[in-house]
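K.L.:
My questions concern the predicted model and sequence given below.
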Amino acid sequence: MAEATAKALFDAAEAARAAVDADAKMALTEQAAALWRAASELEDGPLRAEALADPGAPAKPELVDPRRVAKRNPGSGSGRAAHLHALTHIEFVATNLAWDAVVRFRGMPLAYYQQWAQVALEEAEHFTALRARLRDAGADYGDFAAHNGLWDMAARTADDPLARMMMVPRYLEARALEAAPIMQAKFRQAGDEASAALIARIAKEEIGHVAAGSRWFGHLCQSRGQDRREAFVTLLDGFARGRPKGPFELDIRRQAGFTEWELAWLEQGG
């Protein structure tokens with residue numbers, strides 16, 4: 001079988017990104033990830049993607065202000081379902097985010113696209129697993145309102161892959177890693193060991209996703225001749241309005257590719 005052309009690879013990624021139906025998006029993600037995994041070279045193509053619409057998403061869940069999202073206490077039946085729904089929604093958006101990193105930013109090495117295609121596949125697997133737990137709780141994806149904070153940051157960083165790598169994986173997703181043990185404890189206290197174990201497994205895999213952001217953040221700094229420390233501080237100041245608040249899980253962040261200088265800088269304001 002002939003290897004897919006660059007156009008076919010990017011078209012497959014965009015098809016997954018644009019799919020509206022959740023099941024279709026996950027199926028197309030599996031297909032596109034397989035194509036990218038099999039690629040051995042990426043011939044020259046357009047350095048800039050055409051104007052992109054927002055990624056595809058179903059009509060439900062309704063997207064609302066974060067303050068209007070249902071309370072998520074796993075100690076009650078409805079609260080547990082609401083919490084699982086919020087996690088499921090995050091993984092749906094994360095699937096779109098990974099494909100957006102592929103489709104939007106051209107002129108990167110093949111390894112960049114292959115890594116983010118693999119991230120998309122893993123995010124889709126997380127979505128499917130969490131949706132199964134949500135259904136076990138008597139609900140389904142779309143039954144609760146959700147917010148779009150994760151995608152809002154993607155929209156703000158749409159013009160620069162360096163900003164995207166810093167602010168989505170290395171800022172928002174890194175904070176989610178630090179919240180995972182707290183979520184696990186809440187589900188265990190509610191007697192839901194299966195959900196706690198699933199969150200633990202997902203969190204372990206998400207370390208690799210943040211590490212992907214760290215890898216390509218470093219690559220872009222080096223290729224642009226930009227000081228990594230300066231880029232780290234400048235982007236946080238510009239997009240997060242200053243130094244994030246601690247406490248920080250330093251060992252997890254080390255595994256995710258944070259440098260000792262970055263960790264020390266974060267700790268100074270924690």
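P.N.:
Looks like it came in fine.

K.L.:
So which helix or strand of this protein has the lowest pLDDT on average?
P.N.:
helix 149-156 (a mean of 90; mean pLDDT, DSSP states H and E).

K.L.:
Show me what that one packs onto, helices and strands only.
P.N.:
If contacts are counted by 3 or more C-beta pairs under 8 Å, 6 or more residues apart in numbering; DSSP states H and E, helix 149-156 sits against helix 77-104, helix 161-167. Every C-beta, even on glycine, is put in place using the N, C-alpha and C of the backbone.

K.L.:
Enumerate every residue touching the residue most central in space within the chain.
P.N.:
Centroid-nearest residue in the chain, with C-alpha atoms, centre = their mean: residue 94, separated by 3.6 Å. By C-beta atoms under 8 Å, 6 or more residues apart in numbering, the contact set of residue 94 is 123, 126-127, 150, 173, 209.

K.L.:
cool, and residue 146?
P.N.:
If you count contacts by C-beta under 8 Å, 6+ apart, residue 146 has them with 61-64, 69, 85-86, 89.

K.L.:
Using CSV, write out every CA atom in stretch 154-162.
P.N.:
C-alpha atoms of stretch 154-162 as CSV (Å, rounded to 0.1, in the frame of the first residue of the first chain):
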residue,chain,number,x,y,z
ALA,A,154,-6.3,27.4,22.3
ALA,A,155,-8.0,30.2,20.5
ARG,A,156,-5.8,32.8,22.2
THR,A,157,-2.7,30.9,21.1
ALA,A,158,-3.8,30.1,17.5
ASP,A,159,-1.2,32.2,15.9
ASP,A,160,1.9,30.8,17.5
PRO,A,161,2.9,27.2,18.2
LEU,A,162,5.4,28.3,20.9
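
K.L.:
Quick check: the residue nearest to the centre of the chain vs residue 218, distance?
P.N.:
In this structure, residue 94 lies at 21 Å from residue 218, with C-beta to C-beta, to the nearest Å as the measure.

K.L.:
re the thing from before, could you point out which of the helices and strands packed on helix 149-156 sits nearest residue 117?
P.N.:
Closest to residue 117 of those, according to C-beta to C-beta: helix 77-104, at 6.0 Å.

K.L.:
May I see the buried residues of stretch 246-256?
P.N.:
248-250, 252-253, 255-256 (16 or more other C-beta atoms under 10 Å).

K.L.:
from those, which is closest to residue 79?
P.N.:
For the buried residues of stretch 246-256, the closest approach to residue 79 (C-beta to C-beta) belongs to residue 249, at 25.3 Å.

K.L.:
where's that closest one relative to residue 255, distance?
P.N.:
From residue 249 across to residue 255, the span is 10 Å (C-beta to C-beta).

K.L.:
Next step: the buried residues of stretch 246-256 restricted to helices.
P.N.:
Using DSSP state H, 250, 252-253, 255 are the members of the buried residues of stretch 246-256 that sit in helices.

K.L.:
between the residues you listed, which is closest to residue 195?
P.N.:
Residue 195 has its nearest neighbour among these in residue 252, at 20.3 Å by C-beta to C-beta.

K.L.:
Now that we're looking at the spatially closest residue to the closest one that is not a sequence neighbour, what pLDDT does it have?
P.N.:
Nearest non-adjacent residue to residue 252, counting by C-beta to C-beta, 6 or more residues apart in numbering: residue 177, 5.4 Å away. Predicted confidence (pLDDT) at residue 177: the value is 93.

K.L.:
Show me where this structure has its helices.
P.N.:
6-18, 22-38, 77-104, 110-136, 149-156, 161-167, 174-189, 193-224, 228-239, 250-255, 260-268.

K.L.:
can you pull up the bridge partners for the closest residue to residue 61 other than its chain neighbours?
P.N.:
Counting by C-beta to C-beta, 6+ apart, residue 61 lies nearest to residue 146, which is 4.2 Å off, once chain neighbours are set aside. On the basis of DSSP bridges, residue 146 is bridged to residue 63.
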